[in-house]
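J.: requesting a structural model of the entry that follows:
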Amino acid sequence: MPSPQFPPLPALTRAEGEFIDRYLEVLDQVGRINPARGSDTYSALRAAQALASHAAALRDALTLMHERGETRIHASTLARALRTLDGERRAGRVTVPPPAG
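T.: Next comes the predicted model:
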């Protein structure tokens, strides 16, 4: 069976790729903490603990971009990368779900 074909990522600098990866890690942790979607306090607590280190890594990625002279965020390119990496679904876990029924 052939492997599925995924759309290619847009061309990113190494620092932009790191920024996107760290952002998605933070997003995943916030989604796990979301009280409207969670089921137990322990998993939310573990996600909150992990969030601190992921947020620091995100800060470091942005610092590196800035230090390298990458002072502009190319929103359309980075949005394409986020879509390719399933960012819309992952961001959806952060929102409050619609009422049942």
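J.: state the pLDDT value of the residue positioned nearest the centre of the chain.
T.: For the chain, the residue nearest the mean C-alpha position is Leu24 (1.3 Å; CA atoms, centre = their mean). The model reports Leu24 with a pLDDT of 98.
J.: so it is in contact with Leu85, correct?
T.: Yes - Leu24 sits in contact with Leu85 when judged by CB atoms under 8 Å, with a separation of 6.2 Å. Glycine gets a C-beta too; all of them are placed from N, C-alpha and C.
J.: okay, now Phe19: neighbour count?
T.: 22 (other CB atoms under 10 Å).
J.: for the nearest residue to it once chain neighbours are set aside, grab the count of nearby residues.
T.: Using CB to CB, 6 or more residues apart in numbering and skipping the chain neighbours, the partner closest in space to Phe19 is Ala61 (4.5 Å). For Ala61, the neighbour count with other CB under 10 Å is 20.
J.: what is the helix or strand harbouring the residue nearest to the centre of the chain packed up against?
T.: Taking DSSP states H and E as the criterion, Leu24 maps to helix 14-33. Here helix 14-33 touches helix 41-67, helix 75-84, helix 87-92, going by 3 or more CB pairs under 8 Å, 6 or more residues apart in numbering; DSSP states H and E.
J.: Pro99: which of those is closest?
T.: helix 87-92 (15.9 Å; CB to CB).
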